[in-house]
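Peer 1: For reference, the sequence and a predicted model appear below.
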Amino acid sequence: MRFAVEDSSDDDDVRSLDYSISSDDSVAGSPSRNPRSSLGRNILAAYDSSDADSDFASEDEVEALGLGDEWDVVKERAREKPSWRDTKEKLSSGKAGAGVNADASSKEKGKAKMTTPLIPWNGLTFSSSASASRSKRSGLSNSVRAEELQVEEPSEYDRWIKKSDQQVWREGQKQAQERRGELRVIASNARARVRSAEDQRLAKEAEDLRMMLEGMAIKHDHEEEEIARRFAEREKKLWADIDAAIKEVEKKEAELVAAAQAAARRKKADEEARAIAAQRVAEAQKAETEKRAREQAEAEQKNREIAEAEQKRQAALKEEEEVRERQDAKKDRARSEWGTWVEKQRWMKKEVIEIVKADRAMKTGLRPGMRLMTRGLGQVVNTQETVTRVTNDIHNILSQQLPSPPSPSSPTSLNEATPKAYAYLLSHLSKALIKQAESEVNAKPDAAFPLARIIVGLLLRGHAALGEVLFARFVKKCPWAIPYYPKRQPNQPREEFEKSTGRGSDESVADYISRMAGICTLYFAVLQTPIASLIPTISAPPPGKAELEILIQPIWRFPSSWTWLSLALKDPMPGLPPTAHLVSAWIEIIAHEAVRVFGRGQMGKVWDAIEGEGLAGGLIKGDSEAARQRLGSLLEKLRKGQVEVPQGRVWE
C-alpha cells in the first residue's frame, strides 16, 4: 500500500509504510513506534491523542461494567499523550513565530496533509510514513507544507478511531448486561435450591411427626390391650375366690352337721325319751340352717350378678348416650342456626317490612330506587366496568337513606336504630338477588359470579347489614343454604311445613330442586369470590383485617363452604333428593378454590368418601339416576386431577 503526499510530483515523495505485528496471537491496533519520517511521527501523535477521546460516557457506566481500575489506567495513559488538537495548536504557534506572512498561511492552510489511518487486515496492522528525502531537496517550501498538514481538521482516520471507541463502549455495555443477566440466573437458581431444601426439610419433619403419631397410637393400643387383659384376669380371680369361699362354707356346714349328728347319736342311748324330740329339733335346725345358707349364698351370687350386669348396662347406656349426644349436637347446630335466621327474618317482617308497607308515602318514595336496583341486577354482565358501575349505583341508592354514607371504617349494621327505609331497600335487594338466582342462575350458573361480586362489593363499601338481611332471606327461601331440612312438627299444617322447607305449593320435586340449586349456586359464588380483586374498585381506603371481620360475617367467608359440605354429608341429609344435585353444584363452583386452600390430599379424602360411602354405598340417593351419574362424573375428573376453574370466576 502506498500513500502519496499532496502537491508532489516526484516519485521519491512516496514512501512505503511500516508494517508491524504486535504479537503471535493478536495484532496491535497502533502504528509503528519507530516511524522513519516526520509524516509517520505525526500520524503516531494523532493516533495517540485519539485514545484520550474514547472515554466512556460517564464514570457510572465504567463502574457498572466492572472496569473501574482498568479504565483508570487507559485514561491516565491518554492524559500523558498529547492530542491532535494540542499538536495543531503548537504547530500553528510555531509557524507564526517563523515569520510566515498571513496571506501565505491562509493559502497553505487550504491544503490538507494526508494522514494514513490504521487498516487492520487479517490480523496485521499497517503503519505508513512519508519520505523525508524529497522534503530535504525541496527545501523550506515542503517543510512549511508538512507543518500545515499537521493542523488539518479531523480526518477520516480520527472519525474512524472515535467510531471504533464508541463501538467498543457499546460492546462493553452489552457484555456487562449479559454478565448481570447471568448473575441474576445464578441468584434465581440459588434461591430455587434453598426453597427446595426447605421443602425437603418440611416434608421430613411432617414424616417424623406422622411416625411419632403412629407410634403413640400403637402404644395406646398396647396399653388398652394390657388394661383389658388385667381386667379379665382380675375378674377371673374374683370368681375363683367366690367359688372357693362358697365351697369352704359348705364344707364347714357339713362338718358342723356331721358333728351334731355324732353328738346326737352318742346321746341317743342316754336320752331315748328325748331322742326323738332332740332329733326332730336337730333336723329342723339343720334344715333351717342349710336353707338359710343356701338362700344367703344364692342371694349373694344373684346380687353380684345383678351388680355386674347393671354396671355393664350402665356403661353401654352411657356410651350410647354419648354417641347420641354427639349426633344430636351436630343436628342441633344446623337446627339452631336455621332457627336463628328464621327469627331474624320474622323480625325484619315485623319491624321493617310491615311498618314501611303501612307508610304509603315512604313506600312510594322508595319505589324509584327499588326499580333502579332491580333493573341494574337484571342487566349486569361479568365485566369489571359493568359490575363496578352497578355496585356504585346501588351503593348510592342505599346511602341516600342514611344520615351519612357508610364506609369500610364506618359500616352500617342491622339493629333497632337502622333506618326503616334503608332496611326495607336491603330486603328488596335481597328479593331481587334471589329472583335472579331462581331464574337466570338456575339456567346459567355462570351468571352467579357478577351477582356475587356485587354482593361482596356492597359489603366492602360498608353495607354490613346486607349480609344479615340477605342470608335471612336465603334461609327463608332455601334452608339448604345452611344446609338443614326441617322436620314436620305434630299437628303442623302441610302448607306451613312446605313453606318452612322453601317449597312452593303444588311445586314438583324437580322444580324445587332446580330453585334450591340456583340459590345455593349464588351462595357458593359469594363464598369463593376473591376479596382482593374487588378492593381496587372501592374509592375509600381499603379495609384492614379488623374492619373485614365486621364487614363480612362468618357465614359469607370461604371456610363456611367446608361447613356446608360437612353438614350436607351427615345424616339424614345425604338421603334427601336435592343432595346429589347440590353437592355437584358445590364441586363445580367451590372445588377449585377448596383444593387450593385445603390441599389436594385433604380434598382427595372427601372425594373418596363421597364416592365410596355416598354413591357406591347408596347413602346419596338423589332425585334421579342422572343426578347420581353427574356427581360421579365430577368426582372422576377430580380423582384424575382435572380441577377446572369455574367459567366466570375471572373478569371478562
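Peer 2: Cool, the structure landed.
Peer 1: only C-alpha atoms for contact and neighbour calcs from this point on.
Peer 2: Noted.
Peer 1: Below-threshold pLDDT in the stretch 51-200 of the chain: ranges please.
Peer 2: Within the stretch 51-200 of the chain, the ranges that satisfy pLDDT under 70 run 51-152.
Peer 1: could you redo the last one with a cut-off of 80?
Peer 2: Counting by pLDDT under 80, the ranges of the stretch 51-200 of the chain that qualify are 51-154.
Peer 1: before we move on, what about the stretch 251-400 of the chain?
Peer 2: 264-271, 273-275, 277-281, 315-333.
Peer 1: how many other residues sit next to residue 306?
Peer 2: Using other C-alpha atoms under 10 Å, residue 306 is surrounded by 12 other residues.
Peer 1: any idea how far it lies from residue 313?
Peer 2: 10 Å (C-alpha to C-alpha, to the nearest Å).
Peer 1: residues in contact with residue 635?
Peer 2: 607, 611 (C-alpha atoms under 8 Å, 6 or more residues apart in numbering).
Peer 1: distance between the host helix or strand of it and the chain's centre?
Peer 2: Here residue 635, judged by DSSP states H and E, is contained in helix 625-639. The chain centroid and the centroid of helix 625-639 are separated by 27 Å under C-alpha atoms, centre = their mean, to the nearest Å.
Peer 1: which parts of it are buried?
Peer 2: The neighbour-count check on helix 625-639 (16 or more other C-alpha atoms under 10 Å) flags 627, 628, 631, 632, 634, 635, 638 as buried.
Peer 1: same thing with stretch 419-428?
Peer 2: Buried, per 16+ other C-alpha under 10 Å, within stretch 419-428: 420, 421, 422, 423, 424, 425, 426, 427, 428.
Peer 1: can you tell me the helix or strand for residue 422?
Peer 2: Using DSSP H and E, residue 422 falls in helix 420-436.
Peer 1: by contact count, what packs against the helix or strand just after that helix?
Peer 2: For helix 420-436, the succeeding helix or strand toward the C-terminus, using DSSP H and E, is helix 442-443. Packing partners of helix 442-443 (3 or more C-alpha pairs under 8 Å, 6 or more residues apart in numbering; DSSP states H and E): helix 509-528.
Peer 1: now the helix it packs on: how far from the chain's centre is it?
Peer 2: 26 Å.
Peer 1: cool, and stretch 485-496?
Peer 2: For stretch 485-496, the distance to the chain centre is 45 Å (C-alpha atoms, centre = their mean).
Peer 1: List the contacts of that stretch.
Peer 2: Taking C-alpha under 8 Å, 6+ apart as the rule, stretch 485-496 contacts 335, 479, 497, 500, 501, 505, 573.
Peer 1: list the contacts for residue 405?
Peer 2: residue 399.
Peer 1: begin at 20 from here
Peer 2: Right, with 20 as the first residue, what we last looked at is residue 424.
Peer 1: So it, which state does it fall into?
Peer 2: Here residue 424 is recorded as coil under DSSP: H, G, I helix; E, B strand; the rest coil.
Peer 1: any idea how far residue 559 is from it?
Peer 2: Between residue 424 and residue 559 the distance is 11 Å, computed by C-alpha to C-alpha.
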